[in-house]
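1. turn this into a structure:
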Amino acid sequence: MPRLQIVCHAFTEKIIDILRYHYKEYAEDVFAASPLLGYLNTKTKSANRGSKARGAFANHYALYVIVEDYLEKGFYDGIAGIPYSRYEGARFTDLFRRQRELPFGSKLQNHALNSRLNDEFKKFYPHIGKQPIVRDVAAQRYWIQEDLLHVQIRQSNGVDHTYNIAPAIIEIIDAYVAAKMAAFEGFLETCRQIAKLGEQDPNRAVDFVIQQLQLDVDARIFEIVSYAVLKAKYGNETVWIGETRDSVTEEILVLYKTGRTNANDGGIDFVMRPLGRFFQVTETSDLNKYFLDIDKVQRFPVTFVVKSLESRDQIREAIRRQAVAKYKVDTIVHSYMNAVEDIINVHDLVAAFREVVNANNLQVVMDEIVTQSKAEFNYNND
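-> Sure thing, here's the model as predicted:
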């Protein structure tokens, strides 16, 4: 197999260290010749970027559980007694249960096992012509593409030798998950420390939260921190409301998070009671996304929480220009612009957080960040 183009990053050296343990002086040759290892190298870029770098585990774990099954059934060391081509395949229910047992995996769905791993692998390696997971849809049985586990290397004596990389794949993914776990635990511990020290050093708390709202932060962390700040801010505000003039009462504004962050589920991110305001968090520079968000609630007014340092007026004007270019007709443009109820940018979030700190509600924000982060990243204290 020809050598592949490898783009190195911080975790690449850890991958090569694992390969050196298994394949000694041929470690880099195996690395360069294996599409599966190249794919894992691409998928582990975020390992050393801290908890704020995006670290999705679905495709990692789809590969992990199918290779783990290959090892446990004895096909690597030959004790299975039959060639892998005659194996009846792993049951979907067993693989699905196993991936949910793994760290950060308790909420994973079946998409990676069924298609997403294969689709993404094909995107990176369209010329390979083979997919990592082979499945029988009717029987719900799954296999690893064994050819991708076999890497042939010409040794220094001129003899070709085939290495099976199954154990190395498991160790690489384990190392990646351990790195992400350590980073995430560090993030949670920092949240806890900030909450405890906030009364003595509120400026440190403000600086920490500001860091979580910067442009290079994982979109999930940005959404979680935005929610925690806005929930605490609005929790200090009240409105007078009632079905009749005589039944009007004062009610606290309550912000609800309606789903998982970046879930691509077509939902609205936050909803406020009792006013019924909709909030949508976005970091995209593609302004068509704003129009899609407005359309999915039939142009009901939406407040956009935008990961941007631009002013509200600059963001609104950019939306308006794109609406004019896209729709041309004034009435349609006006209907979209009227649906942009408000815009909250990074500066607004920082100002809101300072208000919350001054109101002695720092603990509320930090506790909410910890709670939402654990839920989002499928984190279990055990």
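
2. show me where the stretch 1-150 of the chain has its strands.
-> 90-91, 133-136, 141-144, 150-154 (DSSP state E, counting those that start in this stretch).

3. swap that for the stretch 201-350 of the chain, please
-> Under the criterion DSSP E, counting those that start in this stretch, the stretch 201-350 of the chain contains strands at 238-241, 249-252, 254-257, 270-273, 277-282, 302-306, 340-344.

4. one step back: for Lys257, find the nearest of the strands of the stretch 1-150 of the chain.
-> strand 133-136 (33.6 Å; CB to CB). All C-beta atoms are positioned from the backbone trio N, CA, C, and that covers glycine.

5. in the protein, what helix or strand scores lowest on average pLDDT?
-> When each helix and strand of the chain is scored by mean pLDDT, DSSP states H and E, helix 202-212 comes last, with a mean of 80.

6. from Ser247, how far off is Tyr23?
-> Tyr23 sits at a distance of 76 Å from Ser247 (criterion: CB to CB, to the nearest Å).

7. more neighbours: those two, which one.
-> Tyr23 (19 against 8; other CB atoms under 10 Å).

8. tell me who's in contact with that one.
-> If you count contacts by CB atoms under 8 Å, 6 or more residues apart in numbering, Tyr23 has them with Asp29, Val30, Tyr163, Ala168.

9. let's go with 10 Å and repeat that
-> Contacts for Tyr23 (CB atoms under 10 Å, 6 or more residues apart in numbering) come out as Asp29, Val30, Phe31, Val151, Ile153, His161, Tyr163, Ile165, Ala168.

10. distance check, it against Ala90.
-> For Tyr23 relative to Ala90 (CB to CB), the value is 26 Å.

11. likewise for Arg116?
-> Arg116 is 18 Å from Ala90, by CB to CB.

12. report pLDDT for the residue nearest to Ile332 when sequence neighbours are not counted.
-> Among residues not flanking Ile332 along the chain, Ala323 sits closest, at 7.7 Å (CB to CB, 6 or more residues apart in numbering). The model reports Ala323 with a pLDDT of 87.

13. Leu287 is in contact with Ala323, correct?
-> Yes: Ala323 is within contact range of Leu287, at 8.0 Å (criterion: CB atoms under 10 Å).

14. these two: which is more packed in?
-> Neighbour count, other CB under 10 Å: between Ala323 and Leu287, Ala323 has more, with 23 against 18.

15. I figured Lys257 hits Val305, correct?
-> No: with contact defined as CB under 10 Å, Lys257 and Val305 do not form a contacting pair (12.0 Å).

16. between the two, what contacts are shared?
-> Contacts common to Lys257 and Val305, judged by CB under 10 Å, 6+ apart, are Glu223, Tyr227, Asp269, Phe270, Phe279.

17. tell me, how many residues neighbour the first one?
-> If I follow you right, that is Glu223. When neighbours are counted by other CB under 10 Å, Glu223 comes out with 24.

18. now Ala62. Nearest residue, chain neighbours left out?
-> Leaving aside its chain neighbours, Ala62 sits nearest to Ala112 (3.8 Å; criterion: CB to CB, 6+ apart).

19. surely the one you found is in contact with Glu120?
-> Yes: applying CB under 10 Å, one finds Ala112 in contact with Glu120, separated by 8.8 Å.

20. please identify which of those two sits among more neighbours.
-> Ala112 (23 against 17).

21. now do the contacts for the more buried one.
-> 56-63, 65, 99, 118-120, 133.

22. now Cys8: how far from Lys14?
-> Cys8 is 11 Å from Lys14, by CB to CB.

23. neighbour count for these two, which is higher?
-> Under the criterion of other CB under 10 Å, the comparison of Cys8 against Lys14 puts Lys14 first, with 18 against 10.

24. check contacts around the residue lying closest to the more buried one once chain neighbours are set aside.
-> Among residues not flanking Lys14 along the chain, Ala175 sits closest, at 5.6 Å (CB to CB, 6+ apart). Going by CB under 10 Å, 6+ apart, Ala175 touches Phe11, Lys14, Ile15, Asp17, Ile18, Thr44, Ala47.

25. make TSV from the residues you listed and add distance to Ile294 to it.
-> Shown next, in TSV, are the contacts of Ala175 (distance: CB to CB, whole Å):
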residue	distance to Ile294
Phe11	40
Lys14	45
Ile15	44
Asp17	50
Ile18	48
Thr44	37
Ala47	37
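
26. how about the residue lying closest to Ala139 once chain neighbours are set aside, what does it touch?
-> Leaving out its chain neighbours, the residue that sits closest to Ala139 by CB to CB, 6+ apart is Gly89, at 7.1 Å. Contacts for Gly89 (CB under 10 Å, 6+ apart) come out as Ile66, Asp69, Leu95, Val134, Arg135, Asp136, Ala139, Gln140, Arg141, Tyr142, Trp143.

27. which among these count as buried?
-> By neighbour count, with 16 or more other CB atoms under 10 Å, these hold Ile66, Asp69, Leu95, Arg135, Arg141, Tyr142, Trp143 as buried.

28. can you put the contacts of Gly89 in a markdown table and add pLDDT and distance to His334?
-> A markdown table is the format used below for the contacts of Gly89 (pLDDT from 0 to 100; distance: CB to CB, whole Å):
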| residue | pLDDT | distance to His334 |
| --- | --- | --- |
| Ile66 | 96 | 53 |
| Asp69 | 96 | 58 |
| Leu95 | 94 | 52 |
| Val134 | 95 | 54 |
| Arg135 | 94 | 51 |
| Asp136 | 94 | 55 |
| Ala139 | 93 | 56 |
| Gln140 | 93 | 52 |
| Arg141 | 95 | 56 |
| Tyr142 | 96 | 53 |
| Trp143 | 96 | 57 |
